[in-house]
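Show me how the following folds:
(one chain, ligands or ions: 1)
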Amino acid sequence: MNPGEEFVHDGTTWLRVSCNERHNRPPVRVVNRTTGDLVRVSQDENAAFWQWAVVETLRLAGLRAEELTELSHLSVRQYQRPNGEVVALLVISPSKSDRERVIPMSAELFHVIAQVIRRHREEHGTVPVCARYDLHEKVWSEELTYLFQTVHSGSQRGMSSTTVWRIVRRACNELAATHPEFANVHFAPHDFRRLFATELVNNGLPIHIGAALLGHLDIRTTRGYVAVFDEDVISHYHQFLARRRAARPTEEYREPTRDEWEDFQEHFDKRRVELGSCGRPYGTPCAHEHACIRCPMLSINPKMLSRLNELEEDLLARRKRAVEEDWRGEIEGLDLTLTFLRSKREQARRFQRSDPVSLGMPAIPHQKPQATDR
Ligand code: SF4
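Residues are numbered from 1 along each chain as shown. Now for the predicted structure:
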């Protein structure tokens, strides 16, 4: 649709209006022909995307606002297990008040991070390199490939924690506009961490195991990453991590023992269940009595969608019998299970519909990390 042309959407006539033609990709703006209202489509879509990405990353990874703003493309790692399975990891840099975290990503979290990378790649060809102003330290960072960026005076900049707060506040206001019961509820970024902690406490891998794994991955991936990023960007990222690690107690980074390493490997085997994979945190047992279909930790393997249909049929037959016998408690339980089943099926179909996303990461040959015999 070119500027000056009209189109009809959902019974309303809109006019595409011209805007800054000097822009590489002129933003889309339209005027409602009935009310005369101007809608900044590109701007609103961009704001909605980043609002979704910020809220979902805070919610699914249990991050603080500062931790979110420090995520970079190099925070996304992949570890290939001896059996070929690839585990996506998110590295949360250490700070003075909190230790480093290496989180095996759930399917939902991975989806959000992949969409952020896809957006940068579609717009810039890669995740742009930019600096970020640290409001606490009052210094500019080295230029890194920050995942969360904003445009300031026409140039890319790492998102500040103030912007994260502003985005969360805007999400609350928009929610209150359609759900007045939330009018006096004010969320802060940290509330998502609390919400997350009520669901599960995901502190990632024990840090000495996470650090050993990263050390190993770094040695092997640095060369591959040089093909993707400027060498300076990689060394700035490693220097940044090393500076932060130096501020932490050294015992956090001791060598893992062989037993600890084996436990780490076993964790991923134990997460395989009939319908897909269980995303429960490292070192935790199943807290939901293996009622996977009702459990928020379950990610459905798309290959098992037909099995979900069979389970649904079975539940419907049981519900029919329960109605005939007037087993009201049973009906309530079956209805709840059916609701979970259908929402998981919808989510799995949604993931299946999304195109593959190139994360811009180098291919990594498998090699086993070292563990000590202590
Ligand atoms: S019930 Fe939940 S936590 Fe337990 S094994 Fe199933 S998916 Fe994992």
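
So residue 205 belongs to a helix, correct?
No: using DSSP: H, G, I helix; E, B strand; the rest coil, the assignment for residue 205 is coil, not a helix.

now what about stretch 158-168, what contacts it?
50-51, 54-55, 58, 65-66, 68-69, 130-133, 135, 141, 144, 146, 148-150, 187-189, 192 (CB atoms under 8 Å, 6 or more residues apart in numbering). Placement of C-beta: from N, CA and C, glycine included.

same thing with stretch 8-15?
4, 5, 6, 7, 30, 31, 32, 33, 34, 39.

How about the contacts made by the fourth one?
Right, residue 7. Taking CB under 8 Å, 6+ apart as the test, what residue 7 contacts is 1, 13, 14, 16.

Buried ones from those residues, can you make that a PyMOL selection?
Entered in PyMOL, the line below selects the buried ones among the contacts of residue 7, by 16 or more other CB atoms under 10 Å:
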select buried, resi 14+16
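
Now, the contacts of stretch 8-15 that are in strands?
6, 7, 30, 31, 32, 39 (DSSP state E).

and which of the residues you listed is nearest residue 215?
Nearest to residue 215 among the ones in strands among the contacts of stretch 8-15 is residue 39, at 50.4 Å by CB to CB.

pLDDT and secondary structure added to the contacts of residue 7, as JSON lines?
Shown next, in JSON lines, are the contacts of residue 7 (pLDDT from 0 to 100; DSSP: H, G, I helix; E, B strand; the rest coil):
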{"residue": "1", "pLDDT": "72", "secondary structure": "coil"}
{"residue": "13", "pLDDT": "91", "secondary structure": "strand"}
{"residue": "14", "pLDDT": "91", "secondary structure": "strand"}
{"residue": "16", "pLDDT": "89", "secondary structure": "strand"}
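
those helices in the stretch 101-250 of the chain, which residues are they?
Assigned by DSSP state H, counting those that start in this stretch, the stretch 101-250 of the chain shows helices spanning 107-124, 161-178, 189-199, 207-226, 231-246.

Can you give me the buried ones in the second one?
By neighbour count with 16+ other CB under 10 Å, helix 161-178 contains the buried residues 161, 163, 164, 165, 167, 168, 171, 172.

now, the most widely separated pair of the residues you listed?
Across the buried residues of helix 161-178 (CB to CB), the longest gap, 16.7 Å, separates 161 and 172.

Which ones among the contacts of stretch 158-168 lie within strands?
Reading strands off the contacts of stretch 158-168 with DSSP E, I get 133, 149, 150.

What count of nearby residues applies to the last one?
Which is residue 150. Residue 150 has 17 neighbours, counted by other CB atoms under 10 Å.

Over to the first one?
The number of residues packed near residue 133 is 15, by other CB under 10 Å.

residues in contact with it?
139, 140, 141, 157, 158, 160.

give me that answer again for 6 Å
Applying CB atoms under 6 Å, 6 or more residues apart in numbering to residue 133 gives the contacts residue 140.

now do the second one
The neighbours of residue 149, taking CB under 6 Å, 6+ apart as the test, are 156, 158, 159.

looking at it, residue 211 is touching residue 253, isn't it?
Yes: counting by CB atoms under 6 Å, residue 211 touches residue 253, with 5.0 Å between them.

Neighbour count for those two, which is higher?
residue 211 (24 against 17).

now residue 63: how far from the ligand?
22 Å (CB to the nearest ligand atom, to the nearest Å).

okay, that residue: pLDDT?
Here, the pLDDT recorded for residue 63 equals 86.

show me where the stretch 201-350 of the chain has strands.
272-273, 276-278, 298-300 (DSSP state E, counting those that start in this stretch).

Tell me which of the ones you listed approaches the ligand most closely.
strand 276-278 (3.0 Å; CB to the nearest ligand atom).

and this protein, what are its domains?
Annotated domains of the chain cover 6-36, 45-256, 285-353 [automatic domain parsing].

Return the most buried member of those.
domain 45-256 (a mean of 17; mean count of other CB atoms under 10 Å).

how far does that domain stretch from start to finish?
46 Å (CA to CA, to the nearest Å).

Before I go, just wanted to say thanks for your time.
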